[in-house]
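Asks: Structural data only, the sequence is not supplied:
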């Protein structure tokens, strides 16, 4: 009896913890890390403010876990696009497009995950996940070299550089007003510009004549 | 009399403030922002810990000002290389090389300025200065397009992307052990790889036949 009750309690606690994380991610998606407060989170979950601290040691730890939750989803999608079948050039274009389209659509969340000034614990997670992205791109670049699509290059350097390009080229646009009226360039042009930059950088003039053009997607 | 004494006091205070900032930058260069403590800073300056707070409202404000001091110097050097006379391709290669060589030479400071997880006030400054770097590269890219060295492109996007490349491609290497024994690739190859990536990305296959190769510098 005691054993089963403990199991139930633990399951309920794990569920509440996950609910809190999901609500926290929602708050960040609505207004960035600045909108994530323990008070607001407790209110949404219908629990006392102090109870939140039973699940997370600090606001900083909560932010770091919310960052991880949000970023894991994006990382999985980029991995899926980048390491699919087919020409490496096309996979690069697809991965960039997929990341950029989602970032622009959910720009408050994307800005929060990529660049919003927040606790150093989040910065530590950012560095870790940028490495995870770089590892995916390194596989892609090595694959492209092996297939003769890309010229020989330091794949690890190109991979880190690609992560830098995608993040940095989006940071500015993600802070444009939500209605897009003051956008410096429109979204398709922005995405195509990032794609072109990335493809030129890794494929150079060695790109095969039949190489896909940015903006094109595989069916 | 009173007036002159006030002037003297103010001058002395301004001088001490600058001395504190220089010492703080030195501490960061030796051990990153983690090594910058108010206690250590006060000891170096031979003043009481509490006195430091007369000059800086908080540790965070101090960190942000130290960041600015260190970054302004690097920004000025990149501006000088990027906006010099001569072909845009060569200026791009020179700017990348200059930044990377200095970053690798003073890698603790460079890592601290570029990526070390630290107070959000520093992150805010980082975003601001990345824009300043991007503005320089935008001028360079626009110049290259005008001169027919680079194909037409969204100069603002390419410029932000270049900033991302340079920062991100160096973050990993800057955390390699100081003696370089565990370096994944050696420094000249690293720098050349970053140069090649940048030049290909903005110049593409439209690069003139006589375009400089990475690793080459103007005399």
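Replies: That came through, no problem. Only a predicted model underlies this, so the values are computations on that prediction, with no experimental measurement involved.
Asks: Output the contacting helices and strands for the helix or strand of chain A with the lowest mean pLDDT.
Replies: When the helices and strands of chain A are compared on mean pLDDT, DSSP states H and E, helix A:2-31 comes out lowest with a mean of 90. Packing contacts for helix A:2-31, counted by 3 or more Cβ pairs under 8 Å, 6 or more residues apart in numbering or on different chains; DSSP states H and E, involve helix A:38-45, helix A:49-55, helix A:59-82, helix A:107-114. Glycine gets a C-beta too; all of them are placed from N, C-alpha and C.
Asks: Of those, give the one that comes closest to residue A:198.
Replies: Relative to residue A:198, the nearest member of the helices and strands packed on helix A:2-31 by Cβ to Cβ is helix A:59-82, separated by 11.3 Å.
Asks: buried sites along that closest one?
Replies: A:59, A:62-71, A:74-75, A:78-79, A:81-82 (16 or more other Cβ atoms under 10 Å in any protein chain shown).
Asks: gap between whichever helix or strand comes after that helix and the chain center?
Replies: Downstream of helix A:59-82, the first helix or strand assigned by DSSP states H and E is helix A:88-105. Between the centre of helix A:88-105 and the centre of its chain there are 11 Å (Cα atoms, centre = their mean, to the nearest Å).
Asks: what's next to helix A:88-105, contact-wise?
Replies: A:74, A:77-78, A:81-84, A:110, A:114, A:136-137, A:140-141, A:143-144, A:147, A:149-150, A:162, A:166, A:170, A:173-174, A:187, A:190-191, A:194-195, A:198-199, A:202-203, A:207-208, A:211-212, A:214, A:216-218 (Cβ atoms under 8 Å, 6 or more residues apart in numbering or on different chains).
Asks: Quickly list the domain ranges of chain A.
Replies: A:1-56, A:64-206 (automatic domain parsing).
Asks: now, of the ones you listed, which is deepest in the fold?
Replies: domain A:64-206 (a mean of 20; mean count of other Cβ atoms under 10 Å in any protein chain shown).
Asks: quick one: average confidence on that domain?
Replies: On average, the pLDDT along domain A:64-206 is 92.
Asks: Export the helices and strands packed on helix A:2-31 as TSV, with columns for distance to residue B:4.
Replies: Listed next are the helices and strands packed on helix A:2-31 as TSV, based on distance: least, Cβ to Cβ, whole Å:
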stretch	distance to residue B:4
helix A:38-45	54
helix A:49-55	56
helix A:59-82	50
helix A:107-114	52
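Asks: could you dump those to JSON lines with distance to chain B?
Replies: Converted to JSON lines, the helices and strands packed on helix A:2-31 look like this (distance: least, Cβ to the nearest Cβ, whole Å):
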{"stretch": "helix A:38-45", "distance to chain B": "17"}
{"stretch": "helix A:49-55", "distance to chain B": "21"}
{"stretch": "helix A:59-82", "distance to chain B": "10"}
{"stretch": "helix A:107-114", "distance to chain B": "10"}
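Asks: Residue A:156: which of these is closest?
Replies: Between the helices and strands packed on helix A:2-31, helix A:59-82 lies closest to residue A:156; by Cβ to Cβ that is 15.2 Å.
Asks: got the angle between that closest one and helix A:88-105?
Replies: When axes from the mean of the first three to the mean of the last three Cα atoms, to 10 degrees is applied, the directions of helix A:59-82 and helix A:88-105 differ by 140 degrees.
Asks: Now do helix A:59-82 and helix A:38-45, the angle between them.
Replies: Using the same axes, to 10 degrees: helix A:59-82 against helix A:38-45 is 70 degrees.
Asks: any residues touching helix A:59-82, and which ones?
Replies: With Cβ under 8 Å, 6+ apart as the criterion, helix A:59-82 contacts A:21-22, A:24-25, A:28-29, A:33, A:36, A:38, A:41, A:52, A:56, A:91-92, A:94-95, A:98-99, A:102, A:109, A:112-113, A:118-122, A:124-126, A:129, A:132-133, A:136-137, A:139-140.
Asks: Residue A:125: which element?
Replies: Going by DSSP H and E, residue A:125 is in helix A:120-146.
Asks: so what does that helix touch, helix or strand wise?
Replies: helix A:59-82, helix A:88-105, helix A:155-174, helix A:187-203, helix B:155-174.
Asks: still on that earlier bit, mind checking the helices and strands packed on helix A:2-31 for the one nearest to residue B:17?
Replies: Once the helices and strands packed on helix A:2-31 are compared by Cβ to Cβ, helix A:59-82 is nearest, at 30.4 Å.
Asks: Next, the angle from that closest one to helix A:107-114.
Replies: 100 degrees.
Asks: still on that earlier bit, and the angle for the helix holding residue A:125 with helix B:155-174?
Replies: Using the same axes, to 10 degrees, helix A:120-146 lies at 100 degrees relative to helix B:155-174.
Asks: Tabulate the domains of chain A in TSV, adding columns for distance to residue B:45.
Replies: Below are the domains of chain A laid out as TSV (distance: least, Cβ to Cβ, whole Å):
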stretch	distance to residue B:45
domain A:1-56	35
domain A:64-206	26
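Asks: Nearest to residue A:45 among the helices and strands packed on helix A:120-146 would be which one?
Replies: helix A:59-82 (12.4 Å).
Asks: can you state the direction angle for that closest one and helix A:2-31?
Replies: Using the same axes, to 10 degrees, helix A:59-82 lies at 80 degrees relative to helix A:2-31.
Asks: just to revisit the earlier point, out of the domains of chain A, the one nearest residue B:157 is which?
Replies: Of the domains of chain A, nearest to residue B:157 by Cβ to Cβ is domain A:64-206, at 4.0 Å.
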